[in-house]
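> My questions concern the predicted model and sequence given below.
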Amino acid sequence: MTKSELKDFLDEKVALYNNPKFIESDPIQIPHQFTLKEDIETAAFLTATIAWGNRKMIINNANRMMDLMGNSPYDFVMNHEEHHLENLETFVHRTFNGVDFKTFVIALQQMYQNHGGLEHFFTQHQEGDSMQNAIATFKKQFFTVSHLPRTTKHISDPTLGSAAKRINMFLRWMVRKDNNGVDFGLWSEIPTSVLSCPLDVHSGNVARKLGLLARKQNDGKALAELDSSLRVLDSIDPVKYDFALFGLGVFEGF
């Protein structure tokens, strides 16, 4: 395919998958249960944190997270008492357990209390062409609360070579202004042009088959390469192609 043909092909796939039907089978359905901005942010962040493995399991466990927080995630984060946190100890999703969950709730509380919330923090630390250093700075601040060393693995650090798929997905959800009702576009001061594609095994494999990515590992260098390729196709909204790459891989077995 020529570059023009590739763009047309991927734009068609974006149109196919970037619509409300996508929500039905995707973890993004969890934050779509809420209307308050801070509820959406909190639910999205926690859901994205456990978004690896079987999608049905992710959705079930993210719903359980919301249940354990009384289906008022922001209120729980801001106003919980110690005995409320004890109720979280039974939670487990793969290697993310109840201790991790408690730490994340406490860390989210300090982000809202001391740093103006998630949107303010990421907006303050954005750079002209990338959110990857902002993610690394966020991780450092997030884990200034008391925590076990093992818990830090649940937020990736792009400056250490990670593709940081889950938090890049969270940022796509929050920042991307989506007229089709999938992504929320709640954060207005970060341009979509600086977002990175949530790179995973599906999007990576499809990107390689389409000539958008040469690097074999799904790491930070591969993410930078893919970002560069997608920004050639659309410099304003490059991460819209996540819908195409993911849809081709998961739904079409491309």
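On my side now, so go ahead. Note that the structure is a prediction, hence the values are computed from the model and not measured.
> where exactly do the helices run in the stretch 101-250 of the chain?
Counting by DSSP state H, counting those that start in this stretch, the stretch 101-250 of the chain has helices at residues 117-125, 132-142, 165-175, 201-209, 220-233, 241-250.
> want to try a markdown table for these, with mean pLDDT, distance to P158 and mean neighbour count as columns?
C-beta here means a position set from N, CA and C on the backbone, and glycine is covered the same way. Below are the helices of the stretch 101-250 of the chain laid out as a markdown table (pLDDT from 0 to 100; distance: least, CB to CB, whole Å; neighbours: other CB atoms under 10 Å):
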| stretch | mean pLDDT | distance to P158 | mean neighbour count |
| --- | --- | --- | --- |
| helix 117-125 | 98 | 13 | 17 |
| helix 132-142 | 97 | 4 | 18 |
| helix 165-175 | 98 | 8 | 25 |
| helix 201-209 | 96 | 16 | 20 |
| helix 220-233 | 97 | 5 | 19 |
| helix 241-250 | 95 | 17 | 23 |
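> Tell me which of those lies nearest to K102.
Among the helices of the stretch 101-250 of the chain, the nearest to K102 by CB to CB is helix 132-142 (13.8 Å).
> now what about the closest one, what contacts it?
Around helix 132-142, the neighbours that count as contacts under CB atoms under 8 Å, 6 or more residues apart in numbering are 107, 111, 115, 121-122, 125-127, 152, 155-160, 164, 167-168, 171, 196, 220, 223.
> swap in stretch 160-169?
Applying CB under 8 Å, 6+ apart, the set of residues contacting stretch 160-169 is 48-49, 51-52, 131-132, 135-136, 138, 155-158, 195-200, 218-223, 242.
> send the alpha carbons of it over as PDB?
C-alpha atoms of stretch 160-169 as PDB (Å, rounded to 0.1, in the frame of the first residue of the first chain):
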ATOM      1  CA  LEU A 160      13.200   3.300  31.900                       C
ATOM      2  CA  GLY A 161      12.200   1.900  28.500                       C
ATOM      3  CA  SER A 162       8.600   0.900  29.000                       C
ATOM      4  CA  ALA A 163       5.800   1.500  26.400                       C
ATOM      5  CA  ALA A 164       3.500   2.300  29.400                       C
ATOM      6  CA  LYS A 165       0.500   0.900  27.500                       C
ATOM      7  CA  ARG A 166      -2.000   1.300  30.400                       C
ATOM      8  CA  ILE A 167      -1.400   4.800  31.400                       C
ATOM      9  CA  ASN A 168      -1.100   5.900  27.800                       C
ATOM     10  CA  MET A 169      -4.500   4.400  27.300                       C
END
